[in-house]
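[1] Give me the fold of what follows.
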Amino acid sequence: MNEIPNGFKHSLIGLIPDDWNLCNIGDVAFIDRESLNGNTDPNFPFEYISLSDVDDKTYTTSTIKFKDAPSRARRIVRPNDIIMSTVRPNLQGFAIIQKKATPQIASTGFAVITANEIDNQYLFQSLFGRIISKQFYQLTVGSNYPAINSSDVKNLKIPVPPLPEQKKIAEILSTWDQAMATTQKLIEEIKLRNKGLAQQLLTGKKRLKGFEGEWKEKPLSSFLQFYKEKSKSDDVFPVFSSSKEGLVMQTEYYGGENRITQKDIGDFNIIPPDYFTYRSRSDDGIFTFNKNTHGITGVVSKYYPVFTFKNASPDFCHRILNFNWHKISRFSVGTSQRVLGEKDFKSISFPIPTLPEQEAINSVLSEADKELQLHQKQLDTLKEQKKGLMQKLLTGEIRVKTE
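    The predicted model follows:
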């Protein structure tokens with residue numbers, strides 16, 4: 001047996017400091033303390049919070065009357081309550097309720113946690129830590145519909161330090177949250193600015209110095225060049241998936257557990273570096289075009305056409321496609337699922353400038369993208385720093401001074 005470090009003790013979640021307690025959340029907080037009943041005044045107005053309204057520790061609301069509200073609108077929440085999504089809790093759809101003039105009601109898809117014998121901010125930060133994440137995994141592993149219930153929430157175990165230390169830990173972690181929020185706000189501002197710049201340059205409303213003359217309307221068939229090489233059963237290639245985040249390796253996108261990554265890749269479409277693809281079948285009618293920026297050859301599903309561009313700037317054309325996704329979606333067919341085949345894809349036309357102007361426009365937009373990428377990298381660094389801090393602070397591996 002490993003020797004217990006001085007000042008620590010064994011617990012059900014591992015080693016914790018001697019002066020910390022291991023508690024169930026239900027021992028230090030109320031769970032789902034108040035709910036609306038069926039006799040509520042039909043005209044009772046409130047701010048409703050659905051599962052989709054929570055994102056990145058913040059939430060939005062919609063004003064509604066009880067008679068018009070969905071049946072899940074039942075959980076009464078008050079300022080400083082914590083709402084925890086019990087549907088796919090590993091996605092961490094959690095937020096702290098802010099003070100508002102109108103009553104707020106959350107979906108029954110949330111557990112409402114009201115801190116009692118614990119610091120509210122410490123409890124909230126703990127929900128994002130590795131200790132809780134492991135328990136979520138144990139509760140939902142193997143389930144087709146990963147969800148937990150209020151009893152599960154009550155029995156989640158967290159290490160609880162003395163109150164002054166709770167407050168100090170929460171204060172430190174909140175500092176990183178504030179830095180991340182500031183950086184995220186800057187990223188959103190740059191995205192908005194870049195979107196406006198693209199709107200001007202990709203439509204010809206704004207012309208770069210030295211370029212004039214009318215853009216000519218041309219079909220994509222004038223530029224598209226499809227790549228038709230198929231993989232064989234014994235080939236060894238990484239499997240890529242086209243997503244709104246870009247062309248990603250499926251082992252990263254699905255955590256290595258997706259069935260496609262385990263089966264024969266024969267008859268997949270090969271995609272070389274710097275070639276493009278898109279998912280030709282879309283449930284929402286949105287088609288996203290991605291470039292293979294991984295620097296290696298991979299494969300994609302046979303439903304992902306692979307192509308490049310000839311006699312044109314590939315990156316400029318790539319921008320044109322994603323900028324005009326609304327127009328492109330109109331060329332898809334189907335009802336429950338929209339399909340954009342190669343023939344229809346090639347028939348789409350756009351006003352296109354000369355090759356030198358294409359390259360100049362892409363150069364300006366690429367510089368704007370670099371600034372965005374720099375701040376995104378800073379945000380990613382802050383997230384990693386906080387993750388490391390949480391692991392050390394929430395386990396007592398590093399102790400904080402409270403005086």
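[2] What segments of the stretch 151-300 of the chain are helices?
    163-201, 250-253 (DSSP state H, counting those that start in this stretch).
[3] which parts of the first one are buried?
    Put plainly, it is helix 163-201. Buried residues in helix 163-201, counted by 16 or more other CB atoms under 10 Å: 165-170, 172-173, 176-177, 180, 183, 187, 190, 198, 201. Every C-beta, even on glycine, is put in place using the N, C-alpha and C of the backbone.
[4] show me where pLDDT drops low in the stretch 1-150 of the chain?
    1-2 (pLDDT under 70).
[5] Show me the strands in it, by range?
    For the stretch 1-150 of the chain, the strands defined by DSSP state E, counting those that start in this stretch cover 8-11, 14-17, 21-24, 29-31, 45-49, 54-55, 58-59, 62-65, 73-77, 82-85, 94-96, 104-107, 110-115.
[6] Can you list the strands that the third one pairs with?
    Spelled out, that is strand 21-24. Paired with strand 21-24 in the same sheet, following DSSP bridges, are strand 157-160 (antiparallel).
[7] And the second one, by the same measure?
    Partners of strand 14-17 in the sheet, by DSSP bridges, are strand 8-11 (antiparallel).
[8] go on, the last one?
    The strands that strand 110-115 pairs with in its sheet are strand 29-31 (antiparallel), strand 82-85 (antiparallel) (by DSSP bridges).
[9] from the middle of its chain, how far away would the shortest one be?
    It refers to strand 29-31. Taking CA atoms, centre = their mean, to the nearest Å, the mean C-alpha location of strand 29-31 is offset from the chain mean by 28 Å.
[10] for stretch 165-181, same thing?
    Offset of stretch 165-181 from its chain centre (CA atoms, centre = their mean): 22 Å.
[11] Touching, residue 30 and residue 111? I think so.
    No. Counting by CB atoms under 8 Å, residue 111 is not a contact partner of residue 30; they are 10.5 Å apart.
[12] between these two, who's got more neighbours?
    residue 111 (25 against 15; other CB atoms under 10 Å).
[13] residues touching the more buried one, list them.
    Applying CB atoms under 8 Å, 6 or more residues apart in numbering, we find residue 111 in contact with 31, 32, 83, 84, 86, 150, 153.
[14] Out of those residues, the closest to residue 4 would be?
    residue 153 (30.3 Å; CB to CB).
[15] Name the nearest of the buried residues of helix 163-201 relative to residue 48.
    residue 177 (25.5 Å).
[16] State the pLDDT value of the closest one.
    Here, the pLDDT recorded for residue 177 equals 96.
[17] surely it meets residue 57?
    Yes. Assessed by CB under 8 Å, residue 177 is found in contact with residue 57 at 7.2 Å.
[18] With residue 349 as the reference, measure out to residue 218.
    Note on residue 218: its distance to residue 349, by CB to CB, to the nearest Å, is 6 Å.
[19] Check which residues of the strand or helix carrying residue 372 are buried.
    If you go by DSSP states H and E, residue 372 is part of helix 355-393. Using 16+ other CB under 10 Å as the test for burial, helix 355-393 gives 357-358, 360-362, 365, 368, 375, 379, 382, 386, 389-390, 393.
[20] Run through the residues that contact the closest residue to residue 197 other than its chain neighbours.
    Computed as CB to CB, 6 or more residues apart in numbering, the closest residue to residue 197 that is not its neighbour in sequence is residue 368, at 5.9 Å. Contact analysis of residue 368 by CB under 8 Å, 6+ apart lists 190, 193, 194, 197.
[21] Repeat that for residue 179.
    Residues near residue 179 by CB under 8 Å, 6+ apart: residue 382.
[22] Check residue 313 too.
    Going by CB under 8 Å, 6+ apart, residue 313 touches 355, 358, 359, 362.
[23] again with residue 278
    For residue 278, the contact set (CB under 8 Å, 6+ apart) comprises 242, 287, 288, 289, 290, 304, 305, 340.
[24] Who is it paired with across the strands?
    residue 289.
[25] Tell me how far residue 317 lies from residue 113.
    With the distance defined as CB to CB, residue 317 ends up 50 Å from residue 113.
[26] Comparing those two, which residue is more hemmed in?
    Using other CB under 10 Å, the more surrounded residue of residue 317 and residue 113 is residue 113, with 30 against 22.
[27] Count the neighbours of the residue nearest to the more buried one when sequence neighbours are not counted for me.
    Residue nearest to residue 113 in three dimensions, not counting chain neighbours: residue 82, with 4.2 Å by CB to CB, 6+ apart. Around residue 82 sit 22 other residues, with neighbours defined as other CB under 10 Å.
[28] so residue 82 makes contact with residue 127?
    Yes. Here residue 82 reaches residue 127: they are 7.2 Å apart, a contact under CB under 8 Å.
[29] what is in contact with the two at once?
    By CB under 8 Å, 6+ apart, the residues touching both residue 82 and residue 127 are residue 94.
[30] so where's the stretch 151-300 of the chain uncertain?
    For the stretch 151-300 of the chain (pLDDT under 70), the answer is 253-264.
[31] at 80 what do you get?
    234, 244, 251-266 (pLDDT under 80).
[32] circling back: now for the strands of the stretch 1-150 of the chain, which one comes closest to residue 212?
    Closest among these, once you apply CB to CB, is strand 54-55, at 44.5 Å.
[33] Now find how far off-centre that closest one is within its chain.
    Offset of strand 54-55 from its chain centre (CA atoms, centre = their mean): 10 Å.
[34] Next: stretch 161-171.
    Once both centres are worked out by CA atoms, centre = their mean, stretch 161-171 turns out to sit 29 Å from its chain's centre.
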